[in-house]
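In: sequence and predicted model, in that order:
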Amino acid sequence: MNLTLRIWRQNGPDAKGRLVAYRVTDVSPDMSFLEVLDMLNERLTMEGAEPVAFDHDCREGICGACGVVINGVAHGPEKATTTCQLHMRHFRDGDTIDVEPWRARAFPVVKDLVVDRGALDRVIEAGGYVSAPTGSAPDAHALPVPKADADAAFEAATCIGCGACVAACPNGSAMLFTAAKVTHLGRLPQGQPERQSRVLDMVAAHDDAGFGGCTNTGECTAVCPKGIPLETIGQLNRDYLQASRRPARSRS
């Protein structure tokens, strides 16, 4: 296939960006989207031009490092698929494809398609862990967990922290990400001692990081590569309401 990529180029967070058109030829339908960017960068390097900066790591849809907006959709047109797992068979010969970075106040552009997603790390630092001493690892099945809770916790734990939910949200909210991190601990016995303080602290960190508020638009779940449902935010809201009604001394 022969394609035209219109890629966002920006030297830094304070620089003015623009879309630059590049022609790429002989693109195999079996190539991934990132492999096309690799091919373009090889050509730009040979020509002495600045290659396009973009994030990537495992390229297996696991790490959450990759992520760009493709034709206005976070991660591109294929549902439940990360950018690195998106293959060119989903495009047609002669297509013009717009490629842009995540756009949110909390995700400043570092360069080109790379954004600083450190705000998500600060949300995790606020409470996305279990700090209570638990001793050595218990024997398997020593502490029964209802299947519904185990399933909900596992579903939430599949979040890879890519930030697509933020990029898709018209408010720039990371509430689906925050809810997934709160829920996957809050539904398990190990997460109960800090369940109340966790949700309050992580929501506060979410707001302090500059993310917008959730208005249940649902765009986040539509682009989530792991299919985390909107009900996860409902679980966070219930936990937050319960925690905010309890005296401060009983939240730990």
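Out: The structure has been received and is ready for your questions.
In: just the buried residues of stretch 181-189, please?
Out: In terms of neighbour count (16 or more other Cβ atoms under 10 Å), stretch 181-189 has its buried residues at 181, 182, 183, 184, 185, 186, 187, 188. The way it works is simple: take the backbone N, C-alpha and C, and place the C-beta from them, glycine included.
In: using TSV, lay out those residues together with secondary structure, distance to residue 117 and pLDDT.
Out: Formatted as TSV, the buried residues of stretch 181-189 follow (DSSP: H, G, I helix; E, B strand; the rest coil; distance: Cβ to Cβ, whole Å; pLDDT from 0 to 100):
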residue	secondary structure	distance to residue 117	pLDDT
181	helix	14	97
182	helix	18	97
183	helix	20	96
184	helix	19	94
185	helix	21	95
186	helix	23	95
187	coil	25	94
188	coil	26	91
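In: ok, of these, which one's closest to residue 69?
Out: Ranked by distance to residue 69 (Cβ to Cβ), the buried residues of stretch 181-189 are led by residue 181 at 23.2 Å.
In: wait, that closest one touches residue 130, no?
Out: No: using Cβ atoms under 8 Å, residue 181 is not in contact with residue 130; the gap is 11.8 Å.
In: I'd like the buried residues of stretch 181-189 written out as TSV, with distance to residue 228 added.
Out: Output for the buried residues of stretch 181-189, formatted as TSV (distance: Cβ to Cβ, whole Å):
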residue	distance to residue 228
181	11
182	12
183	9
184	10
185	15
186	14
187	13
188	17
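In: which of those residues lies closest to residue 202?
Out: residue 182 (5.8 Å).
In: isn't that closest one right up against residue 196?
Out: No: with contacts defined as Cβ under 8 Å, residue 182 does not count as touching residue 196, sitting 10.8 Å away.
In: and residue 87, how many neighbours?
Out: By other Cβ atoms under 10 Å, the residues close to residue 87 number 17.
In: again with residue 14
Out: So residue 14, with other Cβ under 10 Å, has 8 neighbours.
In: pass me the low-pLDDT residue ranges in the stretch 51-200 of the chain, would you?
Out: Residues of the stretch 51-200 of the chain meeting the criterion pLDDT under 70: 134.
In: do a quick rundown of the strands in it.
Out: 69-70, 73-74, 96-100, 109-111, 114-115 (DSSP state E, counting those that start in this stretch).
In: in CSV, list those along with mean neighbour count and distance to residue 236.
Out: Compiled in CSV, the strands of the stretch 51-200 of the chain are given as follows (neighbours: other Cβ atoms under 10 Å; distance: least, Cβ to Cβ, whole Å):
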stretch, mean neighbour count, distance to residue 236
strand 69-70, 22, 25
strand 73-74, 22, 21
strand 96-100, 18, 29
strand 109-111, 19, 29
strand 114-115, 22, 24
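In: quick one: which of those strands is nearest residue 31?
Out: Nearest to residue 31, of all these, is strand 96-100, at 13.1 Å by Cβ to Cβ.
In: please determine how far residue 4 is located from residue 94.
Out: Per Cβ to Cβ, to the nearest Å, residue 4 is found 8 Å from residue 94.
In: more neighbours, these two?
Out: residue 4 (13 against 9).
In: isn't the more buried one up against residue 22?
Out: Yes: Residue 4 is within contact range of residue 22, at 7.2 Å (criterion: Cβ under 8 Å).
In: which residues do residue 182 and residue 196 both contact?
Out: Contact criterion Cβ atoms under 8 Å, 6 or more residues apart in numbering; residues shared by residue 182 and residue 196: residue 239.
In: show me what contacts the nearest residue to residue 56 once chain neighbours are set aside?
Out: Excluding the flanking residues, the one nearest residue 56 by Cβ to Cβ, 6 or more residues apart in numbering is residue 66, at 4.7 Å. Counting by Cβ under 8 Å, 6+ apart, residue 66 makes contact with 34, 54, 55, 56, 57, 59, 82, 83, 84, 162.
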